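S.K.: Here is my input, please return the structure:
(2 chains)
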There are 2 protein chains.
Amino acid sequence: MDITLADIAPLSLGAAILGTGGGGDPYIGHLALRHLIEQTAPPTVIDVDSLADDAFVITVGMTGSPSVMLEKLVDRSFADAAVRRFERLVGRRADAVLPVEIGGVNSLVPLMTSCVTGLPVLDADGMGRAFPTLDRTSFGIAGVSPFPVVTINERHDTVIVEATSHERGERISRGALVPMGASGSCALYPMTGREAKETTVRGTMSLALALGRAVEAARAAKADPFEAILATVASAKPKIFGRVLFEGKITDITRETIGGYNIGTGILSSGGEDDATFGFQNELLYLKQGSELLAIVPDLICFLDSETAQPAMCETLRYGQRITAMGFAATSHFRTAAGLAATGPASFGLRESYVEIERLGRQTPAAATASAR
Amino acid sequence: MDITLADIAPLSLGAAILGTGGGGDPYIGHLALRHLIEQTAPPTVIDVDSLADDAFVITVGMTGSPSVMLEKLVDRSFADAAVRRFERLVGRRADAVLPVEIGGVNSLVPLMTSCVTGLPVLDADGMGRAFPTLDRTSFGIAGVSPFPVVTINERHDTVIVEATSHERGERISRGALVPMGASGSCALYPMTGREAKETTVRGTMSLALALGRAVEAARAAKADPFEAILATVASAKPKIFGRVLFEGKITDITRETIGGYNIGTGILSSGGEDDATFGFQNELLYLKQGSELLAIVPDLICFLDSETAQPAMCETLRYGQRITAMGFAATSHFRTAAGLAATGPASFGLRESYVEIERLGRQTPAAATASAR
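M.R.: All right, here's what the predicted structure looks like:
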């Protein structure tokens, strides 16, 4: 399918929901993508199954401060720079690109690359959400190497990293990124068509678009956008479990920047019942009500404005903001032992054990209504 | 010429003299090179003029904490890793290697590469001394690009930097280097045979060896090693101006580590006359007596033990140490306007103007004797 101008707003909205509070606000990339489409051609999204097994696929994304960098992608000579350098490095042309994560601005990056190069974008990603580091991917967990990682800034300064572990590669790339201006466009995780079929989280570009369209339609019809979201994930293939976890106002929020990450905790108060507490590292990591866990990584926790269902970003959460917290089951790639080792609570230094969202949780009256549909 | 086991000690000694107080103590690399020669073949050093104009030459060196890394070069799979990765990157085999700087441990790195690969080492380098950053080279000043810069650590984590300015490239490489373990083996400044002929500082490997042999011979004969050094540079082709600048004891030394550099100042006192003051950033930058300049970068200032002529390192200068300070004229590559912009006092944040060492200086009685020869 082609992504038209009319698709950009709902796609950005859906990607912001799946961003679980981080991943950068894709609304900022909205205008950049619109501008590129107007100047070039609409990006094409294809099903992973349409790839040949020996096709060559490159994952693309932004690293560092994506909001800053995304605006640079309007420059046609930059939107394809990382992929083109990658191709020259390995001596092979790409057959398709895909996003490293569907949550946040990184969902838009391959579309911009597609506008300029004509390469199709896979309807898939490596997370089905956003995570603070690029090593937490379904491909990486399945054994696909992220290396070489090509990072390029808007001056076309380029760094190529080939490390001997994911974690060291991430630290080396971050070390190089600061003097590059703290943000860059990346090409990484090269894979074959067969590997893409076996290791990606499928259908997530379509899912983001469907989520955004459902919320827009509900707003236009003055219907309940949260019900629309739950109906959308329930009809996804495969079906995704979702639930409203809590509704309340932010009564407490603390935030620090540590090692380039936005780290903090906060409280949601609903008045009657026990308060809910949450923690985040760029993205929301857990939500508890009293001592009871409501959801925890890798399952998705999404804070949406209680009136409009507009996604709230952890960077800008503020006292008094009225939040409806929704939760969704993580991709099955993250629920294996290896997947949980890479993306579960312990990987973020949390003491809680992982429990699937399906097996958790008090429900608020709203949630009970919504999930009874 | 082949570099034999007997050459290693004098070559290391001469390279330490030309290290102007920095560049890492080549004595540490001594055993590593000996070990490699015993296991493989002696390295070969060739004159730059024996290269074909279209030959392909790669510059090699260590970055970060060279003393640590040099010991890793004993590993045969590591001594050629940076050059081999560079060759694969650009799709061309090297015909020769050369040191980025002759001062300090970097003079030994291409010899180690030669042992393992059989590639000849050029009798030339990019500085005729040592400098704290790899962008201050005769090649760079002449317009040869340092990029791509390939850096590899002993785990074989690899970073390739292609920046759009020397200075940004240096900062990006340093940013990546910290998580790599703060030291690495580099291949950079690829050039043709013709560029090597036009832009390198010639004959410096031979010069280091001759300096070391002269000091060893003087010690054995109980002759004056400082006179032996002056005689050696006077008979170099082209002749290098040299002089004893000052003799005294260190009565004051302050040192800080700033941005990975060893930065400081100190005082040499001779008793009778005015004290001399000096400053360094890894290498010695200037030497003044009272308000009078004795020598300043890019000219070489070398602190040698007054008894043995053993080179003193800025990292380990200590109160009471008896120093004979010698000075030598910089290569003519550094005395042009472009050369001084890259390597002169202002490039190190010093306020003094550059004056050639030949036009400077009170002489101590010892210096007067030596230069009267």
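S.K.: Across the sheet, point out what pairs with A:N262.
M.R.: Using DSSP bridges, the beta-bridge partners of A:N262 come out as A:T257.
S.K.: List the contacts of it.
M.R.: By CB atoms under 8 Å, 6 or more residues apart in numbering or on different chains, A:N262 lies in contact with A:22, A:255, A:280-282, A:314-315. C-beta here means a position set from N, CA and C on the backbone, and glycine is covered the same way.
S.K.: cutoff 7 Å now
M.R.: Residues counted as contacts of A:N262 (CB atoms under 7 Å, 6 or more residues apart in numbering or on different chains) are A:255, A:282, A:314-315.
S.K.: where's it relative to chain B, distance?
M.R.: Distance, A:N262 to chain B, using CB to the nearest CB, to the nearest Å: 21 Å.
S.K.: picking up where we left off before, most neighbours out of the contacts of A:N262, which is it?
M.R.: A:C314 (25 neighbours; other CB atoms under 10 Å in any protein chain shown).
S.K.: do you know how far the nearest residue to that residue once chain neighbours are set aside is from B:D125?
M.R.: Spatially, and ignoring its direct neighbours in sequence, A:C314 is nearest to A:G21 (4.0 Å; CB to CB, 6 or more residues apart in numbering or on different chains). When CB to CB, to the nearest Å is applied, the distance between A:G21 and B:D125 equals 54 Å.
S.K.: From the neighbour counts alone, determine which of the two ranks first.
M.R.: Shown here are A:G21 and B:D125; by other CB under 10 Å, B:D125 has more neighbours (34 against 27).
S.K.: beta partners for that one?
M.R.: Beta bridges link B:D125 to B:V201 when assigned by DSSP bridges.
S.K.: Check for me that A:R136 belongs to a strand.
M.R.: No: going by DSSP: H, G, I helix; E, B strand; the rest coil, the assignment for A:R136 is coil, not a strand.
S.K.: Report the separation between it and B:G64.
M.R.: Distance, A:R136 to B:G64, using CB to CB: 30 Å.
S.K.: higher neighbour count, these two?
M.R.: The neighbour comparison of A:R136 against B:G64 (other CB under 10 Å) goes to A:R136, with 26 against 22.
S.K.: if you skip the residues just before and after it, what's nearest to the more buried one?
M.R.: Distance criterion CB to CB, 6+ apart; nearest residue to A:R136, sequence neighbours excluded, is A:T343 at 4.9 Å.
S.K.: I'd say that neighbour and A:I296 touch.
M.R.: No: A:T343 lies out of contact with A:I296 (CB atoms under 7 Å); the separation is 10.7 Å.
S.K.: Quick check: A:D2 vs A:M205, distance?
M.R.: 12 Å.
S.K.: neighbour count winner among the two?
M.R.: The residue with more neighbours, out of A:D2 and A:M205, is A:M205; 27 against 11, by other CB under 10 Å.
S.K.: burial count for the closest residue to that one other than its chain neighbours?
M.R.: Leaving aside its chain neighbours, A:M205 sits nearest to A:D123 (4.5 Å; criterion: CB to CB, 6+ apart). As a burial measure, A:D123 scores 23 neighbours (other CB under 10 Å).
S.K.: can you pull the pLDDT of A:D123?
M.R.: We have a pLDDT of 98 for A:D123.
S.K.: A:P345 contacts A:Y354, correct?
M.R.: Yes: if you go by CB under 7 Å, A:P345 and A:Y354 touch, sitting 5.6 Å apart.
S.K.: any common contacting residues for those two?
M.R.: A:I296.
S.K.: which regions of chain A sit below the pLDDT cut-off?
M.R.: Counting by pLDDT under 70, the ranges of chain A that qualify are A:65-74, A:362-373.
S.K.: where do the helices sit along it?
M.R.: For chain A, the helices defined by DSSP state H occupy A:5-18, A:27-39, A:66-70, A:76-79, A:81-90, A:109-117, A:138-141, A:166-177, A:193-199, A:204-220, A:225-234, A:337-343, A:365-371.
S.K.: Of those, give the one that comes closest to A:T265.
M.R.: Set against A:T265 and scored by CB to CB, the helices of chain A come closest in helix A:337-343, at 19.8 Å.
S.K.: Going by neighbour count, which residues of the closest one are buried?
M.R.: Judged by neighbour count (16 or more other CB atoms under 10 Å in any protein chain shown), helix A:337-343 contains these buried residues: A:339-340, A:342-343.
S.K.: farthest-separated two in those residues?
M.R.: The span of the buried residues of helix A:337-343, defined through CB to CB, is set by A:L340 and A:A342 at 7.4 Å.
S.K.: And for the residue nearest to A:P10 when sequence neighbours are not counted, the neighbour number?
M.R.: Spatial nearest neighbour of A:P10, excluding adjacent residues (CB to CB, 6+ apart): A:G212 at 3.0 Å. Applying other CB under 10 Å, we find 25 other residues in the vicinity of A:G212.
S.K.: And for A:G349?
M.R.: A:G349 has 8 neighbouring residues, counting by other CB under 10 Å.
S.K.: if I look at it, how far off is chain B?
M.R.: As judged by CB to the nearest CB, A:G349 and chain B stand 19 Å apart.
S.K.: where's that residue relative to A:K197, distance?
M.R.: Taking CB to CB, one finds A:G349 at 34 Å from A:K197.
S.K.: By proximity to chain B, which residue of the stretch 1-150 of chain A wins?
M.R.: A:L89 (7.6 Å; CB to the nearest CB).
S.K.: can you pull the contacts of that residue?
M.R.: Contact partners of A:L89, counting by CB under 7 Å, 6+ apart, are A:148, A:150, A:160.
S.K.: Pull the number of nearby residues for the first one.
M.R.: Spelled out, it's A:P148. Neighbour count for A:P148, taken as other CB under 10 Å: 20.
S.K.: Please name the residues that touch it.
M.R.: Counting by CB under 7 Å, 6+ apart, A:P148 makes contact with A:89, A:160-162.
S.K.: Let's see if you can find the most crowded of those.
M.R.: A:V161 leads the contacts of A:P148 on contacts (other CB under 10 Å) with 27 neighbours.
S.K.: Could I get the contacting residues of that one?
M.R.: By CB under 7 Å, 6+ apart, A:V161 lies in contact with A:147-149, A:169, A:172-173, B:159.
S.K.: cool, and A:M180?
M.R.: Counted by CB under 7 Å, 6+ apart, A:M180 has contacts A:153, A:157, A:159, B:172.
S.K.: and the residue lying closest to the second one once chain neighbours are set aside, how many neighbours does it have?
M.R.: I take that to be A:D157. With sequence-adjacent residues excluded and distances taken as CB to CB, 6+ apart, A:D157 is closest to B:A163, at 4.4 Å. Around B:A163 there are 25 other residues, counting by other CB under 10 Å.
S.K.: Which residues of the stretch 51-200 of chain A lie near chain B?
M.R.: A:155-164, A:168, A:171-172, A:175-176, A:178-180 (CB under 7 Å from any CB of the partner chain).
S.K.: filter these to the buried ones?
M.R.: A:157-163, A:168, A:171-172, A:175-176, A:179-180.
S.K.: Now tabulate those residues in a markdown table and tack on distance to B:P110.
M.R.: Output for these, formatted as a markdown table (distance: CB to CB, whole Å):
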| residue | distance to B:P110 |
| --- | --- |
| A:D157 | 27 |
| A:T158 | 26 |
| A:V159 | 25 |
| A:I160 | 23 |
| A:V161 | 25 |
| A:E162 | 23 |
| A:A163 | 26 |
| A:R168 | 27 |
| A:R171 | 30 |
| A:I172 | 25 |
| A:G175 | 27 |
| A:A176 | 26 |
| A:P179 | 28 |
| A:M180 | 29 |
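S.K.: Quickly check these for the two that are furthest apart.
M.R.: Greatest spacing in these, by CB to CB: A:D157 and A:R168 (21.3 Å).
S.K.: which residue is nearest the centroid of chain A?
M.R.: A:G103 (1.8 Å; CA atoms, centre = their mean).
S.K.: State the distance from that one to A:R202.
M.R.: Taking CB to CB, one finds A:G103 at 16 Å from A:R202.
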